[in-house]
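>>> Predicted model, plus sequence, below.
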Amino acid sequence: MRRRRSAHMVASSGDWDPSSIAMKQVHGVLASYPAIRTMRTVISTLSALSTSLVAAAVFCPLVLFSTRSATAQAAAPSAASPAALAPSSAPIPSGAPATPATTASTGARATMVLTPAPPQPVLPVVNLASLERGAVARQPQVLIARSQTLAEEGVVEQARSGYLPQLTATGQYSFGTYHAASGVATSSVTPGGFWIFTLGATQLIYDFGQTVGKWDAAKDTVEADRATEKATVFQILVNVRSAYFTARADKDLVGVQQETLTDQERHLAQVKGFVDVGTQPQIALAQQQAAVASARVALIQAQNSYETAKAQLNQAAGVRGDTQYDVGDEQIAEIADEDAPLETLMSRAIAARPEIASFAKQRIAQNDTIAAAKGSYGPTISAFGNVNQYTDDLGVKSRTPHADEANWSQPLWQVGGLLSWPFFQGGLTQGQVRQAEAVLSGIDAQEANEILQVQLQVDSARLAVRASKASIGAAEDAERSSHEQLRLAEQRYATGVGSIIELNDAQVAYTTAAAQLVQARYQLASARAQLLAALGRT
């Protein structure tokens, strides 16, 4: 009766089906076992998770691809473009990262709203050639060396003056009493003033090499100072180039840190989405927020280093002004003989370095100084001549009691020769000669030391160029490998296979490799600048 009633009830409801009744009975029996109930719960959870992972696998690679493409573009996306609407892929202007407007945490969820930074003004680009020209024209060290050369040219004129006639005009006035003639045999003592006008000339004939030695020494010293001035210019150019390439490297490092911050912010949006749907724990979001903050700090530090490098560049180039400019992207081209052996480079450096030429001129000048000092052992022969004119202010034309008044207004003249020989001066000339010879020995020692210094500079620059070229290849390989590592880590994390730790490690590895590549390129440019200076080339 009970079975019939049940069958009747089912039939009357319109759902009577023998197979469905059997299935319901089977489900009822299975549901009575706890293990079966647990298995059903696990299966339903896995089904929901697989659906979420499939959606993420389809959506996240598209986001990654669109972000990479938007970042690689030179122009910023428009406000209406999808890249501009998506906070995870909007590029941030260099020097002004996006700033979090609000960060709220409610329970297990955290929300970060990124506001784009205001557009930055376009700064003028300063190239290396203009800085070099300005440094040569206005750098204080160059001006100091140039003034020293001009001062020595004045010494040349002083030394040459000994060869030219020396003309002297004098006027003398005396007041007192003197004898005024009043007759043939009588005179009177009369007070009054007395004038004497004299025009004299002297000409050196021979002084046993004293004047010519001083003149030649002064001329050779000018040549030495010009070589020193050229060496100063070379050093200033090295300083400008080194500071320029330092600033250029810091500028590229700003770009590396900016890219890192953009990637970390994109990862943050991705982690937040996973945490919201429950596929990642809350700690993953906290870790990524810390990574974004660290990347922002690194970007600020890189920007400050860039500004500091430009300030140092201003000092090296002798520029008075601020750092509101950008450096260009110049590189020093490969030097034709940068891979030549040390002996070849040293011979070329010795022939071209202005410091070596300066020492050679100093040696010649000092030999001339020694010759001039030894000339003091001999006499000096010169000629002279003068004309005298006498008058008084009383109209009395006599200088003596019996002077002829008719000859009073006639000028007096005389010419003659002079021989001066200070044959004993207490050892003065001998001491001067010994001093000059000691200075010559010091010049020889300084030149030998400079040659050793040149050898060190050439060898160091040559080795630095070789090491930098090898480092660039290794750094490029490391950058490519770490970039691929980051790409794979992003894909693994997007599909739920990788972890946030793996993703952050890949990001750090890529940032480090990119920075190493920047430094390797800077070191090569700087090493070539040092090699050019070591070889005496501009």
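Here it is on my side, so go on.
>>> Every contact and neighbour count from this point should use C-alpha atoms.
OK.
>>> And the strands in the stretch 301-450 of the chain?
All strands of the stretch 301-450 of the chain, identified by DSSP state E, counting those that start in this stretch, fall at 326-327, 380-392, 412-420.
>>> Relative to the first one, what are the paired strands and their orientations?
Each strand that strand 326-327 pairs with, and the sense of that pairing, follows from DSSP bridges: strand 125-126 (parallel).
>>> average pLDDT across whichever helix or strand comes after the partner strand?
Remark: after strand 125-126, the chain's next helix or strand is helix 128-138, criterion DSSP states H and E. For helix 128-138, mean pLDDT is 92.
>>> Check stretch 303-318 too.
Mean pLDDT, stretch 303-318: 95.
>>> Next: stretch 265-272.
pLDDT averaged over stretch 265-272 gives 93.
>>> How far off centre is it?
Stretch 265-272 sits 39 Å away from the centroid of its parent chain (CA atoms, centre = their mean, to the nearest Å).
>>> for stretch 324-341, same thing?
The mean C-alpha position of stretch 324-341 is separated from the chain mean by 13 Å, CA atoms, centre = their mean.
>>> Distance check, the closest residue to residue 458 other than its chain neighbours against residue 230.
Leaving aside its chain neighbours, residue 458 sits nearest to residue 534 (5.2 Å; criterion: CA to CA, 6 or more residues apart in numbering). Residue 534 sits at a distance of 13 Å from residue 230 (criterion: CA to CA, to the nearest Å).
>>> Report pLDDT for the residue nearest to residue 458.
pLDDT, residue 534: 93.
>>> re the thing from before, more neighbours: which of residue 534 and residue 230?
residue 534 (30 against 20; other CA atoms under 10 Å).
>>> Test my guess that the more buried one contacts residue 457.
Yes. Between residue 534 and residue 457 there is a contact under CA atoms under 8 Å: 5.7 Å.
>>> list the buried ones in the helix or strand residue 504 falls within?
Assessed by DSSP H and E, residue 504 sits inside helix 500-534. Neighbour counts using 16 or more other CA atoms under 10 Å place 500, 502-504, 506-534 of helix 500-534 among the buried residues.
>>> ok, how many other residues are close to residue 453?
Using other CA under 10 Å, residue 453 has 13 other residues around it.
>>> Check whether it sits in a helix, strand or coil.
Per DSSP: H, G, I helix; E, B strand; the rest coil, the local secondary structure of residue 453 is helix.
>>> Distance of it relative to residue 251?
For residue 453 relative to residue 251 (CA to CA), the value is 33 Å.
>>> Assumed residue 192 was part of a helix.
No. Counting by three-state DSSP, residue 192 is not found in a helix; it is strand.
>>> That one: neighbouring residues, count only.
Residues near residue 192, counting by other CA under 10 Å, number 15.
>>> Report the beta-bridge partners for it.
Counting by DSSP bridges, residue 192 is bridged to residue 176.
>>> my guess is it contacts residue 173, does it?
No. Under the criterion of CA under 8 Å, residue 192 is not in contact with residue 173, lying 10.6 Å apart.
>>> Make sure residue 197 is indeed in a strand.
Yes. Counting by three-state DSSP, residue 197 is part of a strand.
>>> For it, which residues are in contact?
If you count contacts by CA atoms under 8 Å, 6 or more residues apart in numbering, residue 197 has them with 169, 170, 171, 172, 388, 389, 390.
>>> In contact with the closest residue to residue 528 other than its chain neighbours, which residues are there?
With CA to CA, 6+ apart as the criterion, residue 528 has its nearest non-adjacent residue at 6.2 Å, and that residue is residue 465. Listed by CA under 8 Å, 6+ apart, the contact partners of residue 465 are 338, 524, 527, 528.
>>> The strands of the stretch 301-450 of the chain: which one's closest to residue 123?
Taking CA to CA, strand 326-327 is the member of the strands of the stretch 301-450 of the chain nearest to residue 123, at 6.1 Å.
>>> Residue 435 and residue 448, how far apart?
20 Å.
>>> nope, residue 312 is what I was after
To residue 448, residue 312 is 33 Å away according to CA to CA.
>>> who's more crowded, the two?
Neighbours per residue (other CA under 10 Å) separate residue 312 from residue 448, with residue 312 holding more: 20 against 14.
>>> May I ask you to confirm that the more buried one is in contact with residue 245?
No. Between residue 312 and residue 245 there is no contact under CA under 8 Å: 11.4 Å.
>>> and the contacts of residue 197 as a markdown table, adding pLDDT and distance to residue 352?
A markdown table is the format used below for the contacts of residue 197 (pLDDT from 0 to 100; distance: CA to CA, whole Å):
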| residue | pLDDT | distance to residue 352 |
| --- | --- | --- |
| 169 | 93 | 51 |
| 170 | 92 | 54 |
| 171 | 88 | 57 |
| 172 | 87 | 59 |
| 388 | 87 | 59 |
| 389 | 83 | 62 |
| 390 | 76 | 65 |
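>>> Counting neighbours, which of the residues you listed end up buried?
For the contacts of residue 197, buried by 16+ other CA under 10 Å: 388, 389, 390.
>>> Residue 194 versus the second one, what's the distance?
Think residue 389. 11 Å.
>>> Identify the contacts common to these two.
Common neighbours of residue 389 and residue 194 (CA under 8 Å, 6+ apart) do not exist.
>>> re the thing from before, let me see the contact set for the residue nearest to residue 458.
By CA under 8 Å, 6+ apart, residue 534 lies in contact with 349, 353, 454, 457, 458, 461.
>>> Please apply the same query to residue 503.
486, 489, 490, 493.
>>> Scan those and report the most crowded one.
Highest neighbour count within the contacts of residue 503, by other CA under 10 Å: residue 490, with 26 neighbours.
>>> least trustworthy helix or strand in the chain by mean pLDDT?
helix 82-85 (a mean of 30; mean pLDDT, DSSP states H and E).
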